[in-house]
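1. Got a predicted model here, sequence first, then my questions.
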Amino acid sequence: MTSISHAPIIVVGGGLAGLVAATTAARNGSTVVLLEKASAVGGRATTRERNGFLFNLGPHALYRHGQMQHTLKALGVEVHGQLPPTGGGFAIHGGQRHTLPVGLTSLLTTGLLRLAEKFELARFLSRLPKIDAAAVQDQTLASWLATNLDHERSREVVAMLVRVTTFTNDPDHQSAGAAIEQLQLGVAGNVLYLDGGWQTIVDGLRRAAVDAGVRIVSGAHAASLERSNGCFVSGVTLSDGSTVRGRAVIVAATPADVDAITGVTNFARRLPPPVRVATLDVALRSLPQPKATVAFGVDAPYYFSVHSASARLAPKHGALIHVTKYLRPGETADRDVERELESYLDMMQPGWREVLDFKQYLPNLTVTHTEITAAMGGVSGRPASRLDAFENVFIAGDWVGPRGQLSDGVAASAAEAARLATAVAAVAAA
């Protein structure tokens with residue numbers, strides 16, 4: 001049984017959303033308790049160390065101009081990282097390696113595209129920042145590409161870029177507006193691979209939360225909400241039978257967990273499916289092909305990147321590599337997919353098995369809990385932070401709110417949930 005009996009604001013969940021929400025609410029003057037069912041906070045942002053190699057759960061990148069980066073700076077959390085390498089990349093088509101067209105020189109010299117396709121892709125990239133993404137949120141990516149690009153290979157390249165920036169492999173349902181927004185964000189500021197992995201974000205947010213006065217209780221499994229009357233919740237009941245009472249609750253969890261805890265929502269069945277990947281994370285004592293550090297599949301949904309070529313994630317001379325397959329909705333990865341990823345690694349880093357230190361295969365890793373589809377109207381179709389069924393219960397996560405995607409959606413929804421909870425708690429206390 002937890003020793004906490006009362007806190008004006010209760011945050012359920014100690015992932016990035018819960019940490020941001022709790023810290024923001026505490027800095028707004030509220031007393032906050034954060035309940036985390038695991039033994040430590042961090043969730044999917046944790047980084048594991050093995051033999052000096054730092055393993056994120058699959059490939060992670062922080063958008064330099066995104067909401068999470070802005071939030072970290074506002075909360076005084078410093079992270080350090082490097083831009084991905086701009087040269088030496090490959091685009092894979094038909095099993096053949098071509099120069100990755102990421103700039104004017106590589107676009108002109110790559111053998112991936114014919115001349116007409118090069119001009120078309122160059123025109124697309126030049127006008128990308130000016131495209132009105134809001135106007136095509138309810139159009140599918142496949143439909144938008146068919147309307148705006150004449151050449152199939154050009155469409156394949158843009159779809160490849162969308163997979164890399166959104167992790168989504170579903171052009172027939174994905175919102176074109178959401179896809180374009182994320183492409184624009186990447187072009188505007190690129191991303192950082194973080195020195196020390198995403199654990200540095202977790203540790204920084206945890207310190208910021210504690211410094212702001214947040215009480216973090218690990219091993220506290222929230223089971224349900226306790227209502228005092230009608231739509232007002234008076235506390236959170238834990239699996240051990242104890243209750244933490246409060247004036248407002250923020251549930252920073254998965255759609256299924258929100259359904260279970262609130263007892264009234266039906267997000268897990270109503271929302272589009274999650275975005276998932278299969279990833280092979282590999283630690284090598286040395287890199288057989290030092291110049292082959294990144295490759296994107298054009299006609300197949302694969303990603304290869306030596307993240308340690310940019311960030312400090314490996315010991316001297318070592319290499320930390322992510323090889324990933326973007327899964328279709330409903331697709332389940334198995335050992336056959338692991339062999340596919342190993343074959344991709346064979347192509348990019350022949351001889352890797354002779355210098356292998358450690359590998360982990362994560363076959364069905366959730367990247368974000370809801371795909372942003374055209375049918376839901378794009379980002380505006382995601383659930384709001386305020387739950388209509390309650391006066392004082394709010395939600396946060398990568399699947400909540402109309403702003404931001406991936407970790408940026410986490411930060412935006414957590415800040416909004418904290419704002420709303422703080423206001424409600426203040427009124428209840430008056």
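-> Right, received. Where do you want to start?

2. CA only for contacts and neighbour counts going forward, please
-> Noted.

3. Now residue 21: which helix or strand?
-> Applying DSSP states H and E as the criterion places residue 21 in helix 16-27.

4. Can I get the next helix or strand after that helix in PDB, CA atoms only?
-> Moving toward the C-terminus from helix 16-27, the first helix or strand encountered (DSSP H and E) is strand 32-36. Output in PDB follows, covering the C-alpha atoms of strand 32-36 (Å, rounded to 0.1, in the frame of the first residue of the first chain):
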ATOM      1  CA  VAL A  32       1.600  16.400  -7.600                       C
ATOM      2  CA  VAL A  33       2.100  12.600  -7.100                       C
ATOM      3  CA  LEU A  34       3.100  10.400 -10.000                       C
ATOM      4  CA  LEU A  35       2.100   6.800  -9.900                       C
ATOM      5  CA  GLU A  36       4.200   4.400 -12.000                       C
END
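
5. between strand 32-36 and helix 16-27, how many degrees?
-> Interaxial angle, strand 32-36 versus helix 16-27 (axes from the mean of the first three to the mean of the last three Cα atoms, to 10 degrees): 160 degrees.

6. Any chance you could list what contacts the helix holding residue 21?
-> Contact partners of helix 16-27, identified using Cα atoms under 8 Å, 6 or more residues apart in numbering, comprise 9, 11-12, 31-34, 42-43, 45, 75, 202, 205-206, 208-210, 212-214, 250-252, 396-398, 410-411, 413-415, 417-419, 421-422.

7. cutoff 6 Å now
-> Here helix 16-27 makes contact (Cα atoms under 6 Å, 6 or more residues apart in numbering) with 32, 209, 212, 252, 397, 410, 414-415, 418.

8. Just the residues you listed: which are in strands?
-> Per DSSP state E, strands hold the following members of these: 32, 252.

9. The helix holding residue 21 - what's its average pLDDT?
-> Helix 16-27 shows a mean pLDDT of 98.

10. And stretch 206-213, by the same measure?
-> Mean per-residue pLDDT for stretch 206-213: 98.

11. Residues touching that stretch, excluding its own?
-> 23, 26-27.

12. Which single one of those residues is nearest to residue 105?
-> Nearest to residue 105 among the contacts of stretch 206-213, counting by Cα to Cα, is residue 23 at 45.4 Å.

13. Quick check: mean pLDDT of stretch 363-377?
-> If you average the pLDDT over stretch 363-377, you get 97.

14. Identify each buried residue in it, please.
-> Neighbour counts over stretch 363-377 (16 or more other Cα atoms under 10 Å) mark 363-374, 376-377 as buried.

15. Could you dump those into a markdown table and include secondary structure and distance to residue 282?
-> Below are those laid out as a markdown table (DSSP: H, G, I helix; E, B strand; the rest coil; distance: Cα to Cα, whole Å):
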| residue | secondary structure | distance to residue 282 |
| --- | --- | --- |
| 363 | strand | 14 |
| 364 | strand | 17 |
| 365 | strand | 16 |
| 366 | strand | 19 |
| 367 | strand | 19 |
| 368 | strand | 23 |
| 369 | coil | 25 |
| 370 | coil | 28 |
| 371 | coil | 27 |
| 372 | coil | 30 |
| 373 | strand | 32 |
| 374 | coil | 35 |
| 376 | coil | 37 |
| 377 | coil | 38 |
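
16. Kindly reformat these as CSV containing distance to residue 63.
-> Output for those, formatted as CSV (distance: Cα to Cα, whole Å):
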residue, distance to residue 63
363, 25
364, 24
365, 20
366, 19
367, 15
368, 15
369, 19
370, 19
371, 19
372, 18
373, 22
374, 23
376, 25
377, 24
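
17. Wait, a helix at residue 146?
-> Yes: judged by DSSP: H, G, I helix; E, B strand; the rest coil, residue 146 forms part of a helix.

18. Run a quick neighbour tally on it.
-> Residues near residue 146, counting by other Cα atoms under 10 Å, number 12.

19. which non-adjacent residue is nearest it?
-> Counting by Cα to Cα, 6 or more residues apart in numbering, residue 146 lies nearest to residue 155, which is 7.5 Å off, once chain neighbours are set aside.

20. That neighbour belongs to a helix, doesn't it?
-> Yes: looking at residue 155 with three-state DSSP, it is inside a helix.

21. Quick check: it vs residue 113, distance?
-> Using Cα to Cα, to the nearest Å, residue 155 is found at 11 Å from residue 113.

22. same thing with residue 10?
-> Distance from residue 10 to residue 113, by Cα to Cα: 55 Å.

23. quick one: which of these two has more around it?
-> Shown here are residue 10 and residue 113; by other Cα under 10 Å, residue 10 has more neighbours (29 against 20).

24. before we move on, the earlier item: which member of the contacts of helix 16-27 is positioned nearest residue 123?
-> Closest to residue 123, out of all of the contacts of helix 16-27 and judged by Cα to Cα, is residue 410, at 32.9 Å.

25. coming back round to it: out of the contacts of stretch 206-213, who's the most crowded?
-> Neighbour tally across those (other Cα under 10 Å): the maximum, 27 neighbours, falls on residue 23.

26. Next up, phi/psi of the closest residue to residue 83 other than its chain neighbours, please.
-> Leaving out its chain neighbours, the residue that sits closest to residue 83 by Cα to Cα, 6+ apart is residue 192, at 4.9 Å. As for residue 192, its main-chain torsions (degrees, to the nearest 10) stand at phi -120, psi 140.

27. burial count for residue 192?
-> Residue neighbour count, defined by other Cα under 10 Å, stands at 20 for residue 192.

28. Could you measure from it over to residue 65?
-> In this view, residue 192 and residue 65 are 10 Å apart by Cα to Cα.

29. and what of residue 252?
-> 23 Å.

30. Same check on residue 58?
-> Here the criterion is Cα to Cα. By it, residue 58 lies 22 Å from residue 65.

31. Pick out whichever of the two has more residues nearby.
-> residue 58 (23 against 16).
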